[in-house]
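Participant: Here is my input; please provide its structure:
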Amino acid sequence: MKLSYQSVFSAILLFVSSASLVGCQSTNAPPADLTLLDNAPFKVLPVESQKEIFTLDEHIVDTLNQNFKRSEQPELRRAEVIMQFLLDNGDNTLSYMSDANLTASQAYHNLNANCLSLSILAFSLSEYLNLKGQFQKVHVPEYWASSRGYNFLSGHINLKVYEDRAKFIGKNVLHTSPKTLTIDFDPNSRRQAFRTTEITKDRVTAMFYNNKGAINMVEGRKDQAFSYFQAAIEMDSQYSSAWANLAILYRLSGKLQIAEKMYNQALALNSDNNTAKGNLAVLYDMTDRSEQAEQIRAQLYQVRKSNPYYVITLGNEALEQGNAVKAINLYRDALKLDKRLHEGHFALAKAYFALGKLELTKRHLQRALALSQFKHNQLQYRGKLEWLDAVAKN
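Facilitator: Numbers count the residues shown, from 1 in each chain. You can find the predicted model right below:
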């Protein structure tokens, strides 16, 4: 069984979003037990500071100064040109590569960053233009993607921008009600208008660290992974996903007792952290507590069975185990829950290809292409269709 990580990629990554945006954090959570970080069997390495994450480099500042006067009263319309540029050119990729988690300046120069990095960039641009930015957690359904033998649970954030008139009180300006603009790099989120909750800059910084920690953990750089998870917890000790991912790191390092304490810490901070529950069940299996593990999995199934992305994940597991017929049934169940999921059709294409049914493979690849909205998905599906046509000709 795969481990699941939480993140905020795109809707931010690994336990990226996703550093997960799963569930609501309890407002009555007890203080985190920071002594769990003591005597860690890892070397602490340098990580980016919060200032480095949000700072705009000289090139960006020069570009802004050439187009805007910072002394003028802030107006959303002068920022909309920049924000639209980001929306038009940013690619909300779910590649889970290390370069997807970028600082504000890096994201400006490489717009194929994830939604977390692009939201950080939008915040920094807005702040420089005397606009106020408020990060928001978007309550999207649990969404998984597979990479490098792991399941990644993605969360999502966006940014609400409004005119900050406080800096101009007493000046000869007209003070009207602040106008707002929501910057959201996921078209699905924009279309479905999910519920949002305000989150702090520190929480977003912790998400950034958590994403980078998750990627380093998957790539086997345990010291660097620990350093990022520790930085996330030091920035926001109430961030459940960082504790849950750190628990995975300890589990992978054979430190099962402390790993269990960290899972419980994650759940004490957020009892709705289902990925932490699922990984705790894995640990129970490893420590001869299969009955407790099955109880957790049964509870999670009841919560998740109406989520098409979860059903797709079950299908992926069946396909990896060589049971393509079972996988197809699960993928079809997922599409019954949401017939517009391009991921469901792509999954069906893979399963039919495993059975040698090329016409059905092509049909579902075409459907996946028609339903996809991101360029990287479209390129992927077109490439596979072209390859499939070449195979058929031979």
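Participant: How is the chain partitioned into domains?
Facilitator: Listed by automatic domain parsing, the domain ranges of the chain are 1-304, 308-393.
Participant: Quick one: the strands in the stretch 101-250 of the chain, in order.
Facilitator: Applying DSSP state E, counting those that start in this stretch to the stretch 101-250 of the chain gives strands spanning 131-138, 143-147, 150-154, 157-163, 180-183, 196-198.
Participant: mean pLDDT lowest for which of those?
Facilitator: Among the strands of the stretch 101-250 of the chain, strand 143-147 has the lowest mean pLDDT, at a mean of 67.
Participant: re the thing from before, which of the strands of the stretch 101-250 of the chain sits most buried?
Facilitator: strand 150-154 (a mean of 27; mean count of other CB atoms under 10 Å). Every C-beta, even on glycine, is put in place using the N, C-alpha and C of the backbone.
Participant: pLDDT below threshold where in the stretch 101-250 of the chain?
Facilitator: For the stretch 101-250 of the chain, the stretches with pLDDT under 70 are 144-151, 164-178, 187-192.
Participant: Phi and psi next, for Leu45.
Facilitator: Per-residue torsions, Leu45: phi -110, psi 160 (degrees, to the nearest 10).
Participant: how many other residues sit next to it?
Facilitator: 15 (other CB atoms under 10 Å).
Participant: Return the residues in contact with it.
Facilitator: Leu45 is in contact with 223-224, 227, counting by CB atoms under 8 Å, 6 or more residues apart in numbering.
Participant: And it, how close does it get to Met235?
Facilitator: Relative to Met235, Leu45 is positioned 16 Å away (CB to CB, to the nearest Å).
Participant: Likewise for His342?
Facilitator: Distance from His342 to Met235, counting by CB to CB: 35 Å.
Participant: Also Tyr228?
Facilitator: Counting by CB to CB, the gap from Tyr228 to Met235 is 10 Å.
Participant: you'd agree Ala324 is up against Ala349?
Facilitator: No: in terms of CB atoms under 8 Å, Ala324 does not count as a neighbour of Ala349; the distance is 11.6 Å.
Participant: Show me which of the two is the more surrounded one.
Facilitator: Shown here are Ala324 and Ala349; by other CB under 10 Å, Ala349 has more neighbours (26 against 19).
Participant: Tell me the predicted confidence for the more buried one.
Facilitator: At Ala349, the model reports a pLDDT of 96.
Participant: One more: Glu72?
Facilitator: Taking Glu72 on its own, its pLDDT is 70.
Participant: check contacts around it.
Facilitator: Residues counted as contacts of Glu72 (CB under 8 Å, 6+ apart): none.
Participant: what kind of secondary structure is it in?
Facilitator: coil (DSSP: H, G, I helix; E, B strand; the rest coil).
Participant: residue boundaries of the helices in the stretch 51-200 of the chain?
Facilitator: In the stretch 51-200 of the chain, the segments counted as helices under DSSP state H, counting those that start in this stretch are 58-67, 76-89, 104-109, 115-128, 187-192.
Participant: Good, we can wrap up now.
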